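1. model this:
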Amino acid sequence: MTQNDHAAAEHKAGFACFVGRPNAGKSTLTNALVGQKVAITSGRPQTTRHTIRGIVHRPDAQLILVDTPGLHRPRTLLGERLNDLVRETLAQVDVIAFCLPADQKVGPGDKYIAAQLADLMKGRRPTPVVAVVTKADLVDRETLTKHLLAVDQLGAWQDIVPVSAKDGFQVETLEEVLIKHLPPGPELYPGGELTDEPEAVMVAELVREAALEGVRDELPHSLAVVVDEIVPREGSGNPETGRPPLLDVRVNLFVERDSQKAIIIGRGGSRLRHVGTEARKGIEALLGARVYLDLHVKVAKDWQRDPKQLRRLGF
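-> Prediction:
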């Protein structure tokens, strides 16, 4: 066996999935590991609706991170669908990272998820689960130690890793631990790709993140964002100078009530303009082109409870 054959045999590749109750720091951790903004992050729980993958490329491994919505006790049809999506994802990955924030005591939500994970760790093809104590920078050493002991008692975890995505504490250690649980194999995605999400989905997520920013409690999870089209504007580019065409990006934001529509638009349209400005920066960076962003806010009454509307909005 030549040295190259040996190196090829050692290469590992596989899927890791972050679970945890809403707002446990899963998306922020995905971004810290990938080193670029892939999953959207927001101070509001329940911002990630799609299974967004971030990809960590190394010479010896490829770690594909699947970020899921938070597992929670569902209260609506949308909640039930999200939980089903999470369980489906969990059954298909090589290792699960269970995120528990250091600044919050282990609660009923964590115990509910731990019970779901216990089933996955048993059976013919058990899935290893690593407990990840996130936001370690927010607490002192004594609090962190107590929290680690409480997490240890919650289940038979393969490893327990405290991390802070904010200051990078132990992020590389977590990467090593997750890769340790991957099967040997070649790259599953060509080098350089950071996510396999369709562009329209990522554009929608950037708009959604900008729309949720600063609207603390007035706008619960009644916001769905759908990209209508992304088209190059005729005659706007210059092939000779290599100047890319301007992209017209049309996006619809759906809320459940007129009062929520008023919140998003703001006085005289001021808030919607701000959302457009913030989202456009991220979209231009993502698409590598100048963008004209056209946002429309529409009311789809009680869409979270209506199967027909859920389907139309992509859930």
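2. buried sites along the host helix or strand of Ile263?
-> In this structure, Ile263 is located in helix 258-265 according to DSSP states H and E. Neighbour-count burial for helix 258-265, counted by 16 or more other CB atoms under 10 Å, picks out 260-261, 263-265. Yep, even glycine has a C-beta here, placed from its N, CA and C like the rest.
3. now the residues you listed as JSON lines including distance to Val139 and pLDDT?
-> As requested, the buried residues of helix 258-265 are exported to JSON lines (distance: CB to CB, whole Å; pLDDT from 0 to 100):
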{"residue": "Gln260", "distance to Val139": "35", "pLDDT": "89"}
{"residue": "Lys261", "distance to Val139": "40", "pLDDT": "91"}
{"residue": "Ile263", "distance to Val139": "34", "pLDDT": "89"}
{"residue": "Ile264", "distance to Val139": "35", "pLDDT": "89"}
{"residue": "Ile265", "distance to Val139": "39", "pLDDT": "91"}
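4. and which of those is nearest Lys12?
-> Compare each of the buried residues of helix 258-265 with Lys12 using CB to CB and the shortest gap goes to Ile264, at 44.4 Å.
5. what separation do you get for Lys298 and Gln158?
-> Here Lys298 is placed at a distance of 46 Å from Gln158 (CB to CB, to the nearest Å).
6. those two: which has the busier surroundings?
-> Neighbour totals were compared for Lys298 and Gln158, and Gln158 leads with 16 against 11 (other CB atoms under 10 Å).
7. that one against Val132, yeah?
-> No - here Gln158 does not reach Val132: they are 11.3 Å apart, not a contact under CB atoms under 8 Å.
8. partners of the helix or strand harbouring Val297 in the sheet?
-> Following DSSP H and E, the helix or strand that holds Val297 is strand 291-299. According to DSSP bridges, strand 291-299 has the following sheet partners: strand 247-255 (parallel).
9. what does the partner strand contact?
-> Outside strand 247-255, the residues within contact range by CB atoms under 8 Å, 6 or more residues apart in numbering are 203-204, 207-208, 211, 219, 222-233, 261, 264, 283, 287, 289-300, 303, 313.
10. which of the residues you listed count as buried?
-> Burial of those was assessed by neighbour count (16+ other CB under 10 Å); the buried members are 203-204, 207-208, 211, 219, 222-227, 230, 261, 264, 283, 287, 289, 291, 293, 295, 297, 300, 303, 313.
11. among those, which lie within helices?
-> For those, the ones inside helices are 203-204, 207-208, 211, 261, 264, 283, 287, with DSSP state H as the criterion.
12. returning to that earlier point: which elements pack onto the helix holding Ile263?
-> Secondary structure elements in contact with helix 258-265, counted by 3 or more CB pairs under 8 Å, 6 or more residues apart in numbering; DSSP states H and E, are strand 247-255, helix 270-287, strand 291-299.
13. what comes up buried for stretch 92-112?
-> 93-102, 104, 109-110.
14. compute the first-to-last residue distance for it.
-> Criterion CA to CA, to the nearest Å; first-to-last residue distance in stretch 92-112 is 20 Å.
15. avg pLDDT for that stretch?
-> The pLDDT scores in stretch 92-112 average 91.
16. now the helix holding Ile263, how far from the centre of its chain.
-> Taking CA atoms, centre = their mean, to the nearest Å, one finds helix 258-265 lying 26 Å from the centre of the chain it belongs to.
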